[in-house]
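Enquirer: Build me a structure from this.
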Amino acid sequence: DVYKRQVGTRFVPPERHTPEQREAVALAAALTDELVAADAMIFAAPLYNFGVSQHLKTWVDLVLTDPRMAPGGQKPLAGRPAVLLTARGGAYGPGTPRDGWDHALGWMRRIFGDVWELDLTVVERELTLVGVDPALDQFAELASRVRADAEERARAAGRSLRACVIPLA
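Expert: Numbers count the residues shown, from 1 in each chain. Next comes the predicted model:
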């Protein structure tokens, strides 16, 4: 596992790294280089089983092993604009039976907003399984409104990113 090899490099002098550890260090640096080179970022992440997808979690964990990105270290992304787009099949907002069951959004806000200090805009969409899960069919009208609202917020976030990256004439 690349992450485990990379974490282990912290406790071993670079000259004693195995080829696998050198490869893991290089991968973490390359991923971090991509982030540092970006003028703006868009992250798209659904809610999976009430939490963060393993793919996003693994990517973040690996990036965090780079000394530039570790909590309490340098802040190479501080103030850069970023949009987090997230979707949930059901409803997890305030007042719903599953309020508080979304364990992903809080974690993503902590990493992208607090740890990396990105200027983060979050666009959430719920009820994406209406029309797929018969138990949610009663929420078709609400799902339509939620979708329209999320799409408008995503367009506004996109315009905002565009203005940050491409000077408008």
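Enquirer: is it true that Ile42 lies in a helix?
Expert: No. Looking at Ile42 with DSSP: H, G, I helix; E, B strand; the rest coil, it is strand, so not inside a helix.
Enquirer: Check the gap between it and Leu64 for me.
Expert: Ile42 sits 20 Å away from Leu64, going by C-beta to C-beta, to the nearest Å. Every residue, glycine included, has its C-beta placed from N, CA and C.
Enquirer: These two: which has the busier surroundings?
Expert: A count of neighbours by other C-beta atoms under 10 Å puts Leu64 above the other of Ile42 and Leu64, at 21 against 16.
Enquirer: That one and Pro71 touch, don't they?
Expert: Yes. Here Leu64 lies in contact with Pro71, judged by C-beta atoms under 8 Å, at a distance of 7.3 Å.
Enquirer: joint contacts of these two?
Expert: Shared contacts of Leu64 and Pro71, defined by C-beta atoms under 8 Å, 6 or more residues apart in numbering, comprise Val115.
Enquirer: how far is the biggest helix by length in the chain from where the chain is centred?
Expert: Using DSSP state H, we find that the single longest helix of the chain is helix 140-165. Its chain's C-alpha centre and that of helix 140-165 lie 17 Å apart, by C-alpha atoms, centre = their mean, to the nearest Å.
Enquirer: who does that helix touch, helix- and strand-wise?
Expert: Using 3 or more C-beta pairs under 8 Å, 6 or more residues apart in numbering; DSSP states H and E, the elements in contact with helix 140-165 are strand 81-87, strand 119-125.
Enquirer: Of all the residues in it, which ones are buried?
Expert: The neighbour-count check on helix 140-165 (16 or more other C-beta atoms under 10 Å) flags Ala143, Val146, Arg147, Ala150, Arg153, Ala154, Ala157, Leu161 as buried.
Enquirer: Ok, stretch 17-37 next?
Expert: Buried residues in stretch 17-37, counting neighbours by 16+ other C-beta under 10 Å, are found at His17, Gln21, Ala24, Val25, Leu27, Ala28, Ala29, Leu31, Thr32, Leu35.
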